[in-house]
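*Asks:* give the three-dimensional model of this entry:
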Amino acid sequence: MLSSIGLATARRVRVIGMRSVFSSLVRTSTRTVAVCNRGFAAAASRSATKTATATTTKKTTATKKPAAKKTTAAAPKKKAATTTKKKATAKKAAPKKKVGRKKKAPEEVPEELKIYRKAKELRVKGLIKEQPTLLPATPWLVYLVKNADYQAGSTIIDASRALKTKFESLSDAEKQVFVDEAHANKVRNDATIISWATTYPVETIEAANRARSALRRLGRKSRSSIPDPRRPKGTRTAFSYYVTQRYQSGDFNGIPIRNVMPACASEWKTMSEAERKPFIDAYKADAARYKAEREALSPSP
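*Replies:* As a prediction, this is how the structure comes out:
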């Protein structure tokens, strides 16, 4: 048998347990109700927003229907804009050119170097290297070639000076031997040059002679002009015919040529057209002759 104290304790435990269970059930039911109320409120709000959006979309569609025609009419413009944008993007997308080093400014060529290059070009045109070697054509050169026996220890300049002194000390009879040989060598040289020149066209020989003249104007050493018998003889001016006549008249015998030419020029200026006519006619006939010979030979350069 339990004591009275134990029975009282058991009754308290029962009462406390029943209260705790009842309170937990109440709390659970209130939470459930609150959750349901929240769910119903959320559902109601969703349905309200759906209806509101539906009505707004209907209104917007109803209002935007007339503007659809305008957008269809303006559609090509939008395409053009898109094409231009595509082009712009294509241009932007093009690969960038590689930037190389900046070109240096051309350096100024010295004047001496320009002359040297020009002379080198003229030597090629003038056929300087192609011309055959010629025989000595002066008495002094003939004597120098035959007596070119340089002693050891002496320079070429000293030896040539010594030979020049010996040559000048020769008598006229002794020099005549070298004069005759020089004349014979000149004849041979002319034949050699002419046979060599005829292997080239006339225009090439004329261009070579012009190049040699240009070399002399530049102050460079150049060989003499190339003789070419195929080339027609040049024309003479009317004044040259007059000077020839005045020389043949004998009025200027014993007068230096430097005085004759100015005198002839002053006379030519004072002459009338009738007095000049014979010399002008002679010049015209000579010019016609040159033109005919030139055309028969080859086209004018």
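*Asks:* can you report how many residues neighbour Thr235?
*Replies:* Neighbourhood size, Thr235 [other Cβ atoms under 10 Å]: 15. (Each C-beta comes from the backbone N, C-alpha and C, glycine too.)
*Asks:* isn't it right up against Ala288?
*Replies:* No. Counting by Cβ atoms under 8 Å, Thr235 does not reach Ala288; the two are 9.3 Å apart.
*Asks:* quick one: the strands in the protein?
*Replies:* With DSSP state E applied, the chain shows no strands anywhere along its length.
*Asks:* where does the protein dip in pLDDT?
*Replies:* Applying pLDDT under 70 to the chain flags residues 1-100, 150-154, 298-301.
*Asks:* that one - how does it break down into domains?
*Replies:* 8-52, 232-301 (automatic domain parsing).
*Asks:* in stretch 204-214, what counts as buried?
*Replies:* Buried residues in stretch 204-214, counted by 16 or more other Cβ atoms under 10 Å: Thr204, Ile205, Glu206, Ala207, Ala208, Asn209, Ala211, Arg212, Ala214.
*Asks:* distance to Ile257 added to these, as JSON lines?
*Replies:* Output for the buried residues of stretch 204-214, formatted as JSON lines (distance: Cβ to Cβ, whole Å):
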{"residue": "Thr204", "distance to Ile257": "35"}
{"residue": "Ile205", "distance to Ile257": "31"}
{"residue": "Glu206", "distance to Ile257": "29"}
{"residue": "Ala207", "distance to Ile257": "32"}
{"residue": "Ala208", "distance to Ile257": "31"}
{"residue": "Asn209", "distance to Ile257": "26"}
{"residue": "Ala211", "distance to Ile257": "30"}
{"residue": "Arg212", "distance to Ile257": "26"}
{"residue": "Ala214", "distance to Ile257": "28"}
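*Asks:* looking at the residues you listed, spot the one nearest Arg188.
*Replies:* Each of those was checked against Arg188 using Cβ to Cβ; the closest is Ile205, at 19.8 Å.
*Asks:* that closest one contacts Thr199, doesn't it?
*Replies:* No. Between Ile205 and Thr199 there is no contact under Cβ under 8 Å: 9.8 Å.
*Asks:* buried set for stretch 284-300?
*Replies:* Here stretch 284-300 shows Asp286 as buried, counting by 16+ other Cβ under 10 Å.
*Asks:* likewise stretch 106-124?
*Replies:* Quick answer for stretch 106-124 (16+ other Cβ under 10 Å): Ala119, Leu122, Arg123.
*Asks:* same check on stretch 244-251?
*Replies:* Arg246.
*Asks:* what sits up against it?
*Replies:* Phe252, Val260, Cys264, Glu267, Phe279 (Cβ atoms under 8 Å, 6 or more residues apart in numbering).
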